[in-house]
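Visitor: Predicted model follows, preceded by the sequence.
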Amino acid sequence: MENRSDTIISLGVLVSGRGTNLQTILDRCEAGSIPARVEVVISNRRGAPAIDRAAAKGVPVFVVEPRQYGKWPACKRAYEEKLVEILLSHGVELVVLAGYDRLAGETLLDAFPMRVINIHPSLLPAFPGLGAQKQALDYGVKIAGASVFFVDLSVDGGPIIVQGACPVHENDTVESLSGRILEIEHRILPEAITLIAHGRVRVNGRKVEILPEPVQAQAANTSLSEV
Ligand code: GRF
């Protein structure tokens, strides 16, 4: 998909751990292969490897721990107010939860309505919540995958933007299946960001409609007589 400079979207990425999805986004932004820029990264966990990944690219990183604001869940509002303050002050248009291990609350979602997306390692609505890959193996499904969706107050239940599937093999372990799913995650999260940046995503209740490429974009590769 083409990167059109007029559609660069400003991202704020929330992380808690390893950060391979963050790394993919950072790399794709740097390469200019997705129309986005990571303005800020926030980790709710000190020492998360994702922090170093952001710092290595020169992206501002903040560590905001809920416990700085009191006991969970009483502190959730004050904690999320801090997140919102940081995100807004960095001009963030789209918030990406990339391995963020807290449920988003009203304070964050009200500040960014239909502007918070998450990635989950299952074909939702199957296997929401923790340990999705183990849930899939235990259930005995033959096809697994990943989903990118708009976050609402439910657990992994918001409108689905993009999904990708992969086979489950007879001898799969949680590790081997997770690795196969992760490759899909690294494909579909940038894809979802690109669709949103290009204004091609329309939410209608539970359903997310993917609009066709704008005519103008197609015309760029087409001679006038063909238009
Ligand atoms: C991914 O499997 C993602 O789907 C889930 O948490 C994991 C984060 O991995 N929400 P990473 O931190 O991006 O490597």
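Guide: Arrived safely, thanks for sending.

Visitor: what residues does the chain put near the ligand?
Guide: The chain has residues 17, 18, 19, 20, 21, 98, 99, 119, 120, 121, 185 near the ligand, with proximity defined as CB under 6 Å from any ligand atom. Quick note: C-beta positions are derived from backbone N, CA and C, even for glycine.

Visitor: Tell me which residue of this protein lies closest to the ligand.
Guide: The nearest approach of the chain to the ligand comes at residue 99, 2.7 Å away (CB to the nearest ligand atom).

Visitor: For that residue, grab the count of nearby residues.
Guide: Using other CB atoms under 10 Å, residue 99 is surrounded by 21 other residues.

Visitor: what's it sitting at in phi/psi?
Guide: With angles defined as degrees, to the nearest 10, residue 99 sits at phi 80, psi 40.

Visitor: wait, it sits on residue 24?
Guide: No: counting by CB atoms under 8 Å, residue 24 is not a contact partner of residue 99; they are 11.3 Å apart.

Visitor: follow-up on the earlier one: now for the residue of the chain closest to the ligand: which residues touch it?
Guide: 15, 16, 17, 18, 19, 20, 21, 22, 50, 119 (CB atoms under 8 Å, 6 or more residues apart in numbering).

Visitor: confidence score at the fifth one?
Guide: Here, the pLDDT recorded for residue 19 equals 98.

Visitor: That one against residue 100, yeah?
Guide: No: using CB under 8 Å, residue 19 makes no contact with residue 100, being 10.5 Å away.

Visitor: Mind listing what's buried along the helix ranked longest in the chain?
Guide: Assignment by DSSP state H gives helix 174-197 as the longest helix of the chain. Using 16 or more other CB atoms under 10 Å as the test for burial, helix 174-197 gives 177-178, 180-182, 184-186, 188-197.

Visitor: what does stretch 65-83 give?
Guide: Within stretch 65-83, the residues that count as buried by 16+ other CB under 10 Å are 66, 69, 76, 79, 80, 82, 83.

Visitor: can you map out the helices along the protein?
Guide: All helices of the chain, identified by DSSP H, fall at 20-31, 49-56, 76-89, 106-111, 132-139, 174-197, 215-219.

Visitor: For the contacts of residue 99, could you give me TSV that also reports neighbour count?
Guide: Output for those, formatted as TSV (neighbours: other CB atoms under 10 Å):
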residue	neighbour count
15	26
16	17
17	17
18	15
19	23
20	16
21	23
22	30
50	27
119	23
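
Visitor: Turn those residues into CSV, columns for distance to residue 163.
Guide: As requested, the contacts of residue 99 are exported to CSV (distance: CB to CB, whole Å):
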residue, distance to residue 163
15, 22
16, 23
17, 23
18, 22
19, 22
20, 19
21, 15
22, 20
50, 24
119, 11
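
Visitor: out of those residues, who's nearest residue 207?
Guide: Set against residue 207, the nearest of the contacts of residue 99 by CB to CB is residue 119 (19.2 Å).

Visitor: who's that closest one bridged to?
Guide: Legend: beta-bridge partners of residue 119 under DSSP bridges are residue 148.

Visitor: what about this protein, any weak spots by pLDDT?
Guide: Counting by pLDDT under 70, the chain shows low-confidence ranges at 1-6, 215-227.
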